[in-house]
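Asker: what shape does this take:
(chains A and B)
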Amino acid sequence: MDVGKQSPHRILVIEDEVKMAEALRAGLEAEGYTVTVARTGEEGFYLVSTQKYELMVLDWMLPGRDGIEILTRLRQRGVFLPVLLLTAKDATEDRVRGLDAGADDYLVKPFAFPEFLARVRALLRRGGTDVVDKLTLADLEMDVSSHNVTRSGTELVLTAREFELLEYLLRHQGRVVSREMLAREVWKESARYTPLDNVIDVHVARLRRKLDDGFDPKLLHTVRAVGFVLREEVS
Amino acid sequence: MRLRPRRVRTRLTLWYVGLLAGVLAVYLAGVSLLSVWQMDRVLKRLAMEDLETVKGLLYFRADGSLDLREDYHHHTAWKQAEERFLEVLDPGGRILFLNARLGMRTLGGPPFPGEGAGTYSDRSAELSDGTKVVLVSGTFELQGRPILIRIAYGEYLVWDRLWETLSILLMALPLALAATALASYKMAARALNPIEKMAQQAQRINSERLSEQLQVDNPEDELGHLATAFNDAFSRIEQSFEQLRRFTANASHELRTPLASIRSIGEVALQKDAGAEEYRETLGSVVEEVNHLAGLVDSLLMLSRADAGQIPMRPTVFPLMPLARETVSLLDVLIEDKKLTLTLAGDEDVCVRADRQHVRQAVVNVLHNAVKFTPDGGTISVRVDRQGTSCAQVSITDDGPGIPPEHAGHVFERFYRAGETQSEEKAAGLGLSIAQWAARANKGDIGLISPPGGGCTFWIRLPAAPCPSAV
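Answerer: As a prediction, the model looks like this:
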């Protein structure tokens, strides 16, 4: 996608489970990244010591040396490429252990793929989040500081929540965002078991009515079972 | 299991025997003291009587020396006379007579002033060779001459008698103790026998036969209490087994349903050639079901961690009303969507001490549940108030169909469903369980009131705390 201008980011995925590894490779390559997959910790360790990568996606549970061990060794050797740790362990102390060992981010399996991609982008961007005040897509314009939203010059009246939702979608335009991401980033609900899906759906439906009714092209789309995406799409 | 009562039995026996030995020792010591004191008195009295006798038997011979008529003493009752020490002095302290038993020893030395005058002087004294004696003296006039008669008996007489008695008693003591040991060993066995029986019965009751109960012969006595306590414990265990069985059945049902869908959807799609759009649709359904499954597993993991006490509570003091308001505004789109009327009322100054995040979770879950089960156009009212001095309460009342009494007790159980046909709603199974855990983990509770006419009230009670003064 828009990473095409520079040379593509190189990502090393260390994951022993074949299906999971292939899904990660396919998903990342579809986003334009160059992906290498290692099946064991030793192989990954060798690759990362001999080649150059910008990001490592590391599974915790690996045969032989596990992810934490690899991570600790890497950090001891002074290798500081960003690491996204994947694991089925989601107790707080596991999270702390993972981050202490030197992981830059931590994602619990099973995760929503859009969320995974968002984390990857964030880690590759690391440090430089450009705070843009004016967000636009097609004829939609948002001025974050003055809380003003217009479509084809017509002002849209949004509630505070709808505004935040639209801002988040605009900042991630062209990318699918999951309900979990919205729950965490817009609603600030950290618990995964809070029943927010219905709430989010209703809010999105209302935002869509204000945003797309009577306008063309439609901008806010539902990706079934995955989430929502804001993009120009002629229906 | 068989060793333990044995040991109690031995311990009991040892206790009994020890106790008896102790009591006997104290008793014997008391008796000895008493008899020493008494025999000492008897000895003195005898000495006094003897003094009178001796007085009558003394006479001055023609040469002026004093003598004692011995012919009186063939009287056998007077064996004691053989133990007698006798000394006669004149008022100046000159020895007039010493009996043969005394030999070369003197009795008491020179007289002290007023010795024996008017009455008998009695005292403990020592012979010149150290023999301890009880000494009685008296002053008399014999054939016109004043004399001081001293009579003494050795204290060893008393001790000898005492040892005689004690040795008989001490000889009998081991016998008495052995008899007691035997008797108490048997008695302990008798007392402990019902307990052993109970243990055997309890052993037979396993997870398959938890409904069996121990026999209670007399509910009033200690054994009856024990049996009743056992029975209570068994029925509680039975209840949790029952709950676990239901949970396992319901959980597998809950997990199987999405799995079955995924399987069918996938298999159907694979059996035919379909267009991209149709495959997209299929995959969408699959991912939806998977998301549902993932949610269930997350909740289950969270609950199992909660059961294991691994979720730390971070209590703070906070007002309940803003929390209720927050919850309502979080869910208000759903409320609007179903055209429900929601009222929020209550005491602004009620604060609680609890982990706010978990309490919020509980209130969200209960309110979400109410929104889900209240028919379109219905009403929900949320109230915050104080309950007594130590409790604060959030109650959520709806005018839905209510919950029949046979289900009311189970709604907080994991995956409990009120009836098979009801509700195609997903994730109905765990929200209330999580709410219950959150309330209880914060030293509060949760409950349900469902009057027969329909509608129901869920309440969450939490420990109240004084509100922080500054806002």
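Asker: CA atoms for contacts and neighbours, from now on please.
Answerer: OK.
Asker: quick check: residues of the stretch 151-300 of chain B near chain A?
Answerer: B:281, B:284-285, B:287-288, B:291, B:294-295, B:298-299 (Cα under 8 Å from any Cα of the partner chain).
Asker: ok, and the most crowded of those?
Answerer: In terms of neighbour count, B:S299 stands highest of those at 22 neighbours, by other Cα atoms under 10 Å in any protein chain shown.
Asker: how about the residue of chain A found nearest chain B: what's its closest non-neighbour residue?
Answerer: With Cα to the nearest Cα as the measure, A:A225 is the residue of chain A nearest to chain B, at 4.8 Å. Nearest residue to A:A225, sequence neighbours excluded (Cα to Cα, 6 or more residues apart in numbering or on different chains): B:E288, at 4.8 Å.
Asker: what helices or strands is the helix or strand where that neighbour lies leaning on?
Answerer: Taking DSSP states H and E as the definition, one finds B:E288 inside helix B:276-307. Helix B:276-307 sits against helix B:222-270, with contacts defined as 3 or more Cα pairs under 8 Å, 6 or more residues apart in numbering or on different chains; DSSP states H and E.
Asker: show me what the mean pLDDT comes to for the helix it packs on.
Answerer: Regarding helix B:222-270, the rounded mean pLDDT is 87.
Asker: what's the lengthiest helix in chain A packed up against?
Answerer: Longest helix of chain A, by residue count under DSSP state H: helix A:197-212. Helix A:197-212 makes packing contacts with helix A:160-171, helix A:179-185, strand A:218-223, helix B:320-337 when contacts are defined by 3+ Cα pairs under 8 Å, 6+ apart.
Asker: next, the angle from the longest one to helix A:197-212.
Answerer: Yep, that's helix B:320-337 we're talking about. 60 degrees (axes from the mean of the first three to the mean of the last three Cα atoms, to 10 degrees).
Asker: so what's the residue nearest to A:A225 up against?
Answerer: A:224-226 (Cα atoms under 8 Å, 6 or more residues apart in numbering or on different chains).
Asker: swap in A:N148?
Answerer: A:N148 neighbours (Cα under 8 Å, 6+ apart): A:142, A:155-156.
Asker: kindly recompute the last result at 10 Å.
Answerer: Residues near A:N148 by Cα atoms under 10 Å, 6 or more residues apart in numbering or on different chains: A:134, A:141-142, A:155-158, A:163.
Asker: ramachandran angles for it?
Answerer: With angles defined as degrees, to the nearest 10, A:N148 sits at phi -120, psi 130.
Asker: switch the helices and strands packed on helix A:197-212 over to CSV; also include mean neighbour count.
Answerer: As requested, these are exported to CSV (neighbours: other Cα atoms under 10 Å in any protein chain shown):
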stretch, mean neighbour count
helix A:160-171, 18
helix A:179-185, 19
strand A:218-223, 18
helix B:320-337, 18
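Asker: quick one: pLDDT of the residue in chain B that chain A sits nearest to?
Answerer: Closest residue of chain B to chain A, Cα to the nearest Cα: B:E288 (4.8 Å). Looking at B:E288, its pLDDT reads 87.
Asker: quick one on the thing from earlier: with distance to B:S137 and secondary structure added, can I get the contacts of A:N148 in TSV?
Answerer: Below are those laid out as TSV (distance: Cα to Cα, whole Å; DSSP: H, G, I helix; E, B strand; the rest coil):
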residue	distance to B:S137	secondary structure
A:K134	133	strand
A:E141	137	strand
A:M142	133	strand
A:E155	138	strand
A:L156	135	coil
A:V157	132	coil
A:L158	129	coil
A:F163	126	helix
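Asker: ok, and which of those reach chain B?
Answerer: The subset of the contacts of A:N148 within reach of chain B, by Cα under 10 Å from any Cα of the partner chain, is empty.
Asker: out of the residues you listed, which end up buried?
Answerer: A:141-142, A:156, A:158, A:163 (16 or more other Cα atoms under 10 Å in any protein chain shown).
Asker: and the two most separated of those?
Answerer: Greatest spatial distance in these: A:E141 and A:L158, 13.1 Å, computed using Cα to Cα.
Asker: what residues are up against residue 29?
Answerer: Going with chain A. A:8, A:11, A:23, A:35.
Asker: nope, chain B please
Answerer: So B:A29 contacts B:35, B:166 (Cα under 10 Å, 6+ apart).
Asker: and it, which of the three is it?
Answerer: helix (DSSP: H, G, I helix; E, B strand; the rest coil).
Asker: need the pLDDT of it.
Answerer: 91.
Asker: and for A:E141 and A:L158, which residues touch both?
Answerer: What both A:E141 and A:L158 touch, as defined by Cα under 10 Å, 6+ apart, is the set A:148-149.
Asker: which other helices and strands does the lowest-mean-pLDDT helix or strand in chain A contact?
Answerer: Lowest by mean pLDDT, DSSP states H and E among the helices and strands of chain A is helix A:92-100, with a mean of 83. Counting contacts by 3 or more Cα pairs under 10 Å, 6 or more residues apart in numbering or on different chains; DSSP states H and E, helix A:92-100 packs against helix A:67-76, strand A:83-87, strand A:105-108.
Asker: any idea which element the closest residue in space to B:M39 that isn't next to it in sequence lies in?
Answerer: Excluding the flanking residues, the one nearest B:M39 by Cα to Cα, 6+ apart is B:V158, at 6.1 Å. Element membership for B:V158, per DSSP H and E: helix B:156-204.
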